[in-house]
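J.: My questions are about this predicted structure, shown below with the sequence.
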Amino acid sequence: MPVIVAAIDPVTRIEGHLKVDVTVDTVGGVQQVTDVKTVGTLFRGFEKILEGRDPRDAPLITSRICGVCPTSHSVAAVLALDQAGGVTPPAAGRVLRNLVHGACYLESHILHFYLLSLPDYIQGPGMPPWTPGFEMEHRVDKAAAGRFLANYLAAINIRRQCHEMGALFGGKLPHSPGYIAGGFTAVPAADKIAAFQSLLATIQNFINTSYVPDVEALSSLYSDYFLVGRGYGNLLSYGVFELNDAGSSKLFTRGRIIAGAGTAQAVDVAQITESVTHSWYSNAANNLNPASGDTVAQYPKPGGYSWLKAPRYGGVPYECGPLARMWVNGEYTNGVSVMDRIRARAYEARKLAAAMQTWLGQLAVGASTYTPFTTPSGAVSAMGLTEAPRGALGHWVSLSGGAIARYQVITPTCWTISPRDSADQLGPLEKALMGTPVNNVQHPVEVLRVIHSVDPCLDCATHVIKVSQPA
């Protein structure tokens, strides 16, 4: 067959705007992807929006980076401010942060499987959002399809309940105002604890009796996808959900897996850099650590093809997300592939829901949730490292004169969906797509399955604003 160059633009059923250019050729008798570029098509300017502002604005403003991962950005921001101000939240403040953050995790994981990924594998009703769609093989019989679709509809309601649960303490979701430097704005009340418990029990039951079994059923039907979409196999986690006030113990620990094997290695944050060689940013900020990096747009730019930067650890590309967290924790080591990512996410949801039951039992009615925070007046630099549902999230802030002088964000999507770097290494998703078999180039559902398995969120990675000129 002739070499075919195709673009999926935009990639649907993700947050934000992503374009994927693929070249398909026959190699060894198999029609497959032989070249790929992942393209973030919009610019994010939140770092510049924050400059000059009161540091206490950061948790509220950065939560608007994404409507699916809003608490993640608030958590990263308050961790950075806690460090800058030298404060430690009371135990109840830490627990409330975890519970509201956990509610968003559960919502996101259920969303990912049922609404974003499942339509890549089963034929739904002949109506939106199932149509239009790519043609695909039929491996799911009528009875199994009926169960999947029934749980798909139930998942829509469960997602709403996840937000209702988080809003009990968070005030509202998405974009909770609860996260503040020094702790949390809510105080545990008996009625709120009871309501949270009731919703959590319903959500946990759905995870255990529907979500996890559905994932197991799908992975059995599509077991060949344990061999598709591996990529480099490098996995990174910053760790998330503090289990003690010092933050030294976490539900998911910090670490790295190299080439999809072995035990977790340490993470040295000084080894993190951002390449912009193939990104539409000024090369003056190329290969810098985010503590000294900047966001200076340059479009067009020779060799540039994405608004995403290319984060690297020690110059090496790393994937992040639930698979990385579970592997670093030693709780999922089956492999790195499309189906491994889907399974690890479901198992993580099950583990997190159980942990949330424990945290809820640690709350005492009326307990203090806030340690007074004073904005430093001098020059201070700090960072907040956490995990969004999609992976490693870091905020780096420099303060001067009581205001934000510099702010940098590296989102999980930038790690996983990054473009090539200054060494011309493919981004992790680009690498994972290489060699993917494509049965019908006009309906490349196999490519979508790989893309959706990493759950990209271009809302987290890209934003744009157009300033109107006065008449």
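T.: Now that the structure is in, tell me what you want to look at.
J.: in which helix or strand would I find the closest residue to H73 other than its chain neighbours?
T.: Distance criterion CB to CB, 6 or more residues apart in numbering; nearest residue to H73, sequence neighbours excluded, is T62 at 4.0 Å. Yep, even glycine has a C-beta here, placed from its N, CA and C like the rest. For T62, the host element (DSSP states H and E) is helix 58-62.
J.: buried stuff in stretch 26-38?
T.: Across stretch 26-38, burial judged by 16 or more other CB atoms under 10 Å covers Q31, Q32, V33, T34, V36, K37, T38.
J.: Could you tell me the model confidence score at the closest residue to the first one other than its chain neighbours?
T.: So the one you mean is Q31. Sequence neighbours aside, V438 is the residue nearest to Q31 in space, at 5.4 Å (criterion: CB to CB, 6+ apart). The score at V438 is 96. That number is its pLDDT.
J.: Go ahead and confirm V438 touches R449.
T.: No: V438 lies out of contact with R449 (CB atoms under 8 Å); the separation is 10.8 Å.
J.: what residue ranges in this structure score low on pLDDT?
T.: 1, 460-471 (pLDDT under 70).
J.: Quick check, central residue of it?
T.: For the chain, the residue sitting closest to the mean C-alpha position, by CA atoms, centre = their mean, is R390 at 2.0 Å.
J.: Quick check: that residue vs P132, distance?
T.: Distance, R390 to P132, by CB to CB, to the nearest Å: 26 Å.
J.: same question, D340
T.: 29 Å.
J.: Which one's more surrounded, those two?
T.: Between D340 and P132, D340 has the larger neighbour count (other CB atoms under 10 Å), namely 24 against 7.
J.: Regarding the more buried one, which helix or strand does it belong to?
T.: In this assignment (DSSP H and E), D340 forms part of helix 338-361.
J.: so after that helix, what's the next helix or strand?
T.: strand 380-388.
J.: Enumerate every residue touching the spatially closest residue to the residue nearest to the centre of the chain that is not a sequence neighbour.
T.: Leaving aside its sequence neighbours, R390 sits nearest to P412 (CB to CB, 6+ apart; 4.2 Å). Listed by CB atoms under 8 Å, 6 or more residues apart in numbering, the contact partners of P412 are C320, G321, E387, A388, R390, G391, A392, L393, C457, C460.
J.: Tell me, how many residues neighbour the nearest residue to the fourth one once chain neighbours are set aside?
T.: Spatial nearest neighbour of A388, chain neighbours left out: S72 (3.6 Å); criterion: CB to CB, 6+ apart. For S72, the number of neighbouring residues by other CB under 10 Å comes to 29.
J.: mind listing what S72 touches?
T.: S72 touches C66, H101, C104, T386, E387, A388, P389, L393, counting by CB under 8 Å, 6+ apart.
J.: Closest one of those to Y347?
T.: Of all the contacts of S72, P389 has the smallest distance to Y347: 13.8 Å, by CB to CB.
J.: any idea how far the nearest residue in space to the closest one that is not next to it in sequence lies from G321?
T.: In this structure, P389 finds its nearest non-sequential neighbour in S108, 3.8 Å apart by CB to CB, 6+ apart. In this view, S108 and G321 are 11 Å apart by CB to CB.
J.: F134 now?
T.: Per CB to CB, F134 is found 24 Å from G321.
J.: related to what we said a few turns ago, correct me if wrong: the residue nearest to P389 contacts G67.
T.: No: using CB under 8 Å, S108 is not in contact with G67; the gap is 10.6 Å.
J.: So for these two, which residue has more residues nearby?
T.: Neighbour count, other CB under 10 Å: between S108 and G67, S108 has more, with 26 against 14.
J.: My reading is that that one lies in a helix. Confirm?
T.: Yes: counting by DSSP: H, G, I helix; E, B strand; the rest coil, S108 is located in a helix.
J.: Pull out the buried residues from the host helix or strand of L200.
T.: Taking DSSP H and E as the criterion, L200 maps to helix 190-206. Of all the residues in helix 190-206, those buried under the rule 16+ other CB under 10 Å are K192, I193, F196, L199, L200, I203, Q204, F206.
J.: Can you check what angle separates it from helix 338-361?
T.: Taking axes from the mean of the first three to the mean of the last three CA atoms, to 10 degrees, one finds that helix 190-206 is oriented at 150 degrees with respect to helix 338-361.
J.: After helix 190-206, which helix or strand is next?
T.: Next element after helix 190-206 (DSSP H and E): helix 212-221.
J.: list the contacts for the residue nearest to the centre of the chain?
T.: Residues 69, 108, 320-321, 411-413, 416, 454-457, 460 are the ones in contact with R390 under the rule CB under 8 Å, 6+ apart.
J.: Give me the buried stretch members for the helix holding D340, please.
T.: 338-353, 355-356, 359-360.
J.: ok, and the closest non-adjacent residue to G178?
T.: Excluding the flanking residues, the one nearest G178 by CB to CB, 6+ apart is G170, at 4.4 Å.
J.: hey, where'd the helices end up in the protein?
T.: 46-50, 58-62, 70-85, 91-111, 142-170, 190-206, 212-221, 322-328, 338-361, 412-416, 428-433, 445-453, 458-461 (DSSP state H).
J.: circling back to that earlier point, verify the stated contact: the residue nearest to H73 with F46.
T.: Yes: if you go by CB under 8 Å, T62 and F46 touch, sitting 6.3 Å apart.
J.: More neighbours: these two, which one.
T.: Neighbours were counted for T62 and for F46 using other CB under 10 Å; T62 has more, 28 against 17.
J.: Please report how far that one lies from I342.
T.: T62 is 29 Å from I342, by CB to CB.
J.: do I417 as well
T.: Counting by CB to CB - I417 and I342 are separated by 17 Å.
J.: do the same with Q362
T.: Distance from Q362 to I342, by CB to CB: 31 Å.
J.: swap in R350?
T.: Per CB to CB, R350 is found 13 Å from I342.
J.: Ok, L50 next?
T.: Taking CB to CB as the measure, L50 falls 35 Å from I342.
J.: try P389
T.: P389 is 13 Å from I342, where distance means CB to CB.
J.: now L199
T.: 25 Å.
J.: what's the answer for F134, then?
T.: 18 Å.
J.: again, but for Q265
T.: Taken as CB to CB, the span from Q265 to I342 is 25 Å.
J.: what do you get for A388?
T.: 18 Å.
J.: try L426
T.: To I342, L426 is 22 Å away according to CB to CB.
J.: can you check Y332 too?
T.: 11 Å.
J.: for S381, same thing?
T.: Taken as CB to CB, the span from S381 to I342 is 38 Å.
J.: cool, F43 as well?
T.: Distance from F43 to I342, by CB to CB: 31 Å.
J.: what do you get for I8?
T.: 20 Å.
J.: show me what contacts A58?
T.: L50, A77, A80, L81, H395, V397, I404, Y407.
J.: Mind putting those residues into a markdown table with neighbour count and distance to F184?
T.: Below are the contacts of A58 laid out as a markdown table (neighbours: other CB atoms under 10 Å; distance: CB to CB, whole Å):
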| residue | neighbour count | distance to F184 |
| --- | --- | --- |
| L50 | 24 | 21 |
| A77 | 29 | 13 |
| A80 | 27 | 16 |
| L81 | 27 | 13 |
| H395 | 30 | 18 |
| V397 | 26 | 20 |
| I404 | 21 | 22 |
| Y407 | 25 | 22 |
